[in-house]
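> Using only what follows, build the 3D model:
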Amino acid sequence: MRPHGSGQVKELTGKVALVTGGAVRVGLEIARALADAGADVAIGYHRSAAPARAAVSDLRARGVRAVALRADVARPAEARALVARTVTALGRLDVLVNNAALFFRTPVETTTPAQFDRLLAVNLRAPFFCSQAAARAMGRHGGRIVNIADVGAVRAWAAYVPYGVTKAGVVMLTRGLAAALAPRIQVNAVAPGVVLLPEGFPRESGRRLAARIPMGRHGRPTDVAQAVRFFATCSDYITGQVLFVDGGMSVL
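Next up is the predicted model:
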């Protein structure tokens, strides 16, 4: 519940947001940013049950309603059900953030069909079917869809080719959905650069990577979250756009 006596009306007060993969890492920071903008938030998660419960407590402490909903968004039926359950739990849907994704090494010589298909299912197919369901749920009042792409959509990484293919697909998915769903729904994408390194990533390698970024540092989850908040609250004349939040990596 929102605290009594707070007269401030924020940009997303009265709105409901769904963040897939919203229990941990960048997804959690996105959920926090939307809650701070006044939105009630549904956290979609797959295996992170305990972090999802902690995220709900965190969001409720910020004065909004929040729920955690388990779903494997790689399964289209579960992706559609996640949207429906959000509406049941919180009454409507105004903002969908397609954040859930997989990222792992896939050297060309050893990548299996199963690995390729898993990346496609989570990183590309799931945002499509979540968006399809969200477009229906948003009804006449419309809404916003924000996809999380990656600088890997435009920079080739030799050991992550299938991942890059999926994120390049997210860019075209964003543009296609923007055309298909206008003018009722605005669809945009945020493309982060190096934000959170994988666990166990060598510290020295991380420093060398940061030195190659024009801004001289890795990104922070809040950098991405604030870009998502912008697309969730900006003019409805902005659609089909991709905002790179990468410290300048995409211009090299």
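
> all strands for the stretch 101-250 of the chain, in order.
For the stretch 101-250 of the chain, the strands defined by DSSP state E, counting those that start in this stretch cover 143-148, 185-192, 242-245.

> hmm, who's touching stretch 208-226?
For stretch 208-226, the surrounding residues in contact (CB atoms under 8 Å, 6 or more residues apart in numbering) are 25-26, 28-30, 32-33, 148, 190, 192-197, 206, 245-249, 251-252. Quick note: C-beta positions are derived from backbone N, CA and C, even for glycine.

> ok, and for that stretch, which residues are buried?
Neighbour-count burial for stretch 208-226 flags 209, 210, 213, 218, 219, 221, 223, 224, 225 (criterion: 16 or more other CB atoms under 10 Å).

> first vs last residue of that stretch, how far apart are they?
Its start and end residues considered, stretch 208-226 measures 26 Å (CA to CA, to the nearest Å).

> Kindly report the same for stretch 32-47.
With CA to CA as the measure, stretch 32-47 spans 20 Å from end to end.

> how far does the helix or strand bottoming out on mean pLDDT in the chain sit from the chain's center?
One helix or strand of the chain scores below all others by mean pLDDT, DSSP states H and E: helix 203-211, with a mean of 87. Centroid separation for helix 203-211 versus its chain: 26 Å, with CA atoms, centre = their mean, to the nearest Å.

> again, but for stretch 77-94
Worked out by CA atoms, centre = their mean, stretch 77-94 lies 16 Å from the chain centre.

> how about that stretch: buried residues?
By neighbour count with 16+ other CB under 10 Å, stretch 77-94 contains the buried residues 78-83, 85-87, 89-90, 93-94.

> hang on, the earlier thing: could you tell me which of the contacts of stretch 208-226 count as buried?
By 16+ other CB under 10 Å, the contacts of stretch 208-226 give 25-26, 28-30, 32-33, 148, 190, 192-196, 245-247, 249 as buried.

> do you know how far residue 219 is from residue 62?
Residue 219 sits 23 Å away from residue 62, going by CB to CB, to the nearest Å.

> Ignore what I typed, I meant residue 74.
30 Å.

> neighbour-wise, which of these two wins?
residue 74 (20 against 16; other CB atoms under 10 Å).

> mind checking which helix or strand that one is in?
Under the criterion DSSP states H and E, no helix or strand holds residue 74.

> residues touching it, list them.
The neighbourhood of residue 74, defined by CB under 8 Å, 6+ apart, consists of 118, 121, 122, 125, 126.

> just residue 250 next, same as before
Per CB under 8 Å, 6+ apart, neighbours of residue 250: 151, 154, 155, 191, 193, 244.

> Hmm, the fifth one is touching residue 247, no?
Yes: with the criterion set as CB atoms under 8 Å, residue 193 and residue 247 qualify as a contacting pair; they are 5.5 Å apart.

> Count the residues that sit near residue 177.
Neighbours around residue 177, by other CB under 10 Å: 25.

> List the residues that contact it.
Residue 177 touches 128, 131, 145, 185, 187, counting by CB under 8 Å, 6+ apart.

> Max pairwise distance over the residues you listed: which two?
The widest separation within those, taken as CB to CB, falls between 128 and 185 and amounts to 13.9 Å.

> tally of neighbours for residue 141?
When neighbours are counted by other CB under 10 Å, residue 141 registers 11.

> same thing with the one 10 residues further on?
Residues lying near residue 151 (other CB under 10 Å) number 23.
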